[in-house]
Structure formats: structure tokens, C-alpha cells
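Student: Fold the following and give me the result.
(chains A and B)
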Amino acid sequence: MQKEKPAGRGRIYLQGVRDGVPIALGYFAVAFSLGIIAKKAGVTPFQGFLTSFLCNASAGEYAGFTLIGAGATYLETALTTLVTNARYFLMSCAESQRLHPKLALGHRLLIGFDLTDEIFGISIAQKGYIDPFYPYGAMTVAIPGWALGTMFGIIAGNILPVRAVNALGVALYGMFFAIIIPPARKQKFLAGLICVSFLLSWLFSVLPALSGIPEGTRTIVLTVVLSAAAALVCPRPAEDKTEETA
Amino acid sequence: MKHNVYVYIAVMAAVSFLIRVLPLTLIRKKIENRFLNSFLYYVPYVTLSVMTFPAILHATGSVWSGAAAFAAGILAAWFGFDLFKTAVTCCAVVAVLELILL
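Tutor: Have a look, this model is predicted:
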């Protein structure tokens, strides 16, 4: 791309902040419910804040807190984090195609630090090469929203009435649906794959021979096996691969 | 052996960071392997599905409100609700149902 001089980093940064505000609000609410789960695992408010500040991952942190509560091994935690965050690997691949080839390493590291579904989504929607100051703006509000939400969830989770806690407990799953369902609507195979995943996951949790397998291991095994099977049965067309994940 | 929460956090943070940063820093051209591409494409969907069900059934005060949230979330996302609205829908369904059930 033969771009003219950037329109001004300050302005692009502020635009990122503005687009980041609704993301931050949503994060706060969802992180609050994540905090409730963290609290059950015995995680302190500061530890929850730290985890969310450093990890910026809904599914990954949810799995992580569950494993902490279960006293899982560090290896199991690393593998589960790897699997639950695997989609960011894909997004990172996609976004790598949209950065200026000469963009400095420091910028790449910083963009990667908070490459979430939503920030990836709004960044990729920018025209031409992504100016790193745009995601920086969004990160400035999104990261505090996520980290503070987790912290307040841990602090206030036990002040709230049980009914409210129960209701907030499903917020995270709502977010997962918003990620997996829309593309499944357009792709029958994907919809089928999701149903098979639900079914096998349920079977693993109730069948006597399989229900002893720890949840983290179950997630890893089912993900690797089902994704590999899906890739063999219905390989993706070579072209359009990454764009649409957001 | 007692595990240290800060080590867990360090492990999670390191893996989360590396997985996001490696492609951004190392890959300057498109991944060509079709199987690998397809595999990576399907991974997030399978993972999130497996983590959601049946866990959602036990996330609330009653299996029934959990099941209702499951159905409501799928419908909401299917009909185009964004991330935030879908999450709110699930919460609202549980809140209303538990007023009646519990």
C-alpha cells in the first residue's frame, strides 16, 4: 500500500478509544461473571485482576480458573490455555497479513498482547495497513474494563444475592454462543460439528468409563480429535480462510 | 503438592501471550497447508462448544434454568444479537426463570 502520511497518531488513537468503549463495557459485565467463577476457585481479587490484565482471554481464563480450583497440574493448565486460546493463533495469522511489513517488533508484540476477538474484529475492519495506534486506543479502555470487571466480580460476587450470581454465571456462555453460532448459521457443516461437540462432551461427562477424565483433558482431547476429523472430512477452501472468525 | 496460584497465572499469561504474538512476529506470508488451516479454523468452535455444554447446565441454581439459558443463547446469537446482547439475554432468562422455579 502506498499510503500517505498517517492522519495523526493522536486522532487514530482517540478513534480506537471511542470504538473501544462499548467493548470495554461488555467486557466489564462478562468479566464480572468470570470473577464469580474465579472466586469459587479460591482466587483473590488481586490475583483475578492480574490474571485478566495479563491474559485478556475469556474462555482461556475461565478454563484456567476452573483448573486452579481443581488443583490441576501446570502442564495441564498450559495445554488447556493453548487449546482454549488457539483461535487467537488464527487471528494473529490473519492480522499478520494486515500489518506493514516493516512494522517494528515492539509494535507487533504490543498489538499481540491484547489481540482479542473484539479488538481483532474492529482492527481488521480498518482500511489498508492497520495503524498500531488504533488497537492501542481500544486496549486503553478494554484492558481496564476486563481486569477491573474480574476484580469486582470476585469482590462483589458474594455480596450479590444468589439469584443474581446464578444469572451472571451464564454471561460467559452467552459470549461463547455469540462467537460460535453466527458462522454456523451460514455453514451447515460447522453447525453439525458444534452439535457433535455438545453431544460428545455430554457423553464424556456421564459415561461411567469416561466421566473420570478431568475436564481440562477432556477439552483438549475432544478439540484435537474433532477438529482434525473435521479438517479431514471437510477441508476449508484454500482462499477465504481467516477473515471471518471475528 | 500444593500449587501456587501465581505460577498458574504466569503459565496462563505466558501461553496466552506467545500464542498471539508468534504468528504476528514470525509469519510474514500466508499459511499454505490446507489441513493445518482447516484444523486451526475448526479449533475455536469445538473448544468453545465442549466448554459450554454440559457445563452451562450446572452453572445456575437449576438444570432447567441452565438449559433455558443454553437454548436462549443459541437463539439470540442465531438471530444476530452481538456478544453483549447475547450474554445479557442468557442472564435475563436465568433471572426470570429462577424467580418462578426457586
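
Student: for chain A, what spans make up the helices?
Tutor: Ranges of helices within chain A are A:9-40, A:45-55, A:58-70, A:74-84, A:86-96, A:105-113, A:117-124, A:133-156, A:162-168, A:171-186, A:188-206, A:215-233, based on DSSP state H.

Student: If you average pLDDT per helix and strand, which one of chain B comes out bottom?
Tutor: helix B:34-52 (a mean of 84; mean pLDDT, DSSP states H and E).

Student: Let me see the contact set for residue 23.
Tutor: The chain I'm using is chain A. Residue A:23 makes contact with A:118, A:119, A:122, A:138, A:141, A:142, A:145, according to Cβ atoms under 8 Å, 6 or more residues apart in numbering or on different chains. Every residue, glycine included, has its C-beta placed from N, CA and C.

Student: you looked at the wrong chain, it should be chain B
Tutor: Counted by Cβ under 8 Å, 6+ apart, residue B:23 has contacts A:89, A:92, A:93, A:96.

Student: Any figure for the gap between the last one and residue B:63?
Tutor: What that stands for is residue A:96. 44 Å (Cβ to Cβ, to the nearest Å).

Student: So chain A: which segments form each domain?
Tutor: What automatic domain parsing lists as the domains of chain A is A:9-168, A:182-245.

Student: what about residue B:39, how many residues close to it?
Tutor: 21 (other Cβ atoms under 10 Å in any protein chain shown).

Student: Run a quick neighbour tally on the nearest residue to it once chain neighbours are set aside.
Tutor: Closest residue in space to residue B:39, ignoring its immediate chain neighbours: residue A:231 at 4.2 Å, by Cβ to Cβ, 6 or more residues apart in numbering or on different chains. Using other Cβ under 10 Å, residue A:231 has 20 other residues around it.

Student: what residue ranges in chain B score low on pLDDT?
Tutor: Within chain B, the ranges that satisfy pLDDT under 70 run B:1-2, B:28-31.

Student: quick one: contacts for the closest residue to residue B:58 other than its chain neighbours?
Tutor: In this structure, residue B:58 finds its nearest non-sequential neighbour in residue B:66, 6.6 Å apart by Cβ to Cβ, 6+ apart. Contact analysis of residue B:66 by Cβ under 8 Å, 6+ apart lists A:170, B:56, B:57, B:58, B:59, B:60, B:94.

Student: If you count contacts, what does the helix or strand hosting the last one end up packed against?
Tutor: Residue B:94 belongs to helix B:83-101 when assigned by DSSP states H and E. Using 3 or more Cβ pairs under 8 Å, 6 or more residues apart in numbering or on different chains; DSSP states H and E as the contact criterion, the neighbours of helix B:83-101 among helices and strands are helix A:9-40, helix A:162-168, helix A:171-186, helix B:63-78.

Student: a markdown table for these, including distance to residue A:48?
Tutor: Formatted as a markdown table, these follow (distance: least, Cβ to Cβ, whole Å):
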| stretch | distance to residue A:48 |
| --- | --- |
| helix A:9-40 | 5 |
| helix A:162-168 | 15 |
| helix A:171-186 | 14 |
| helix B:63-78 | 23 |
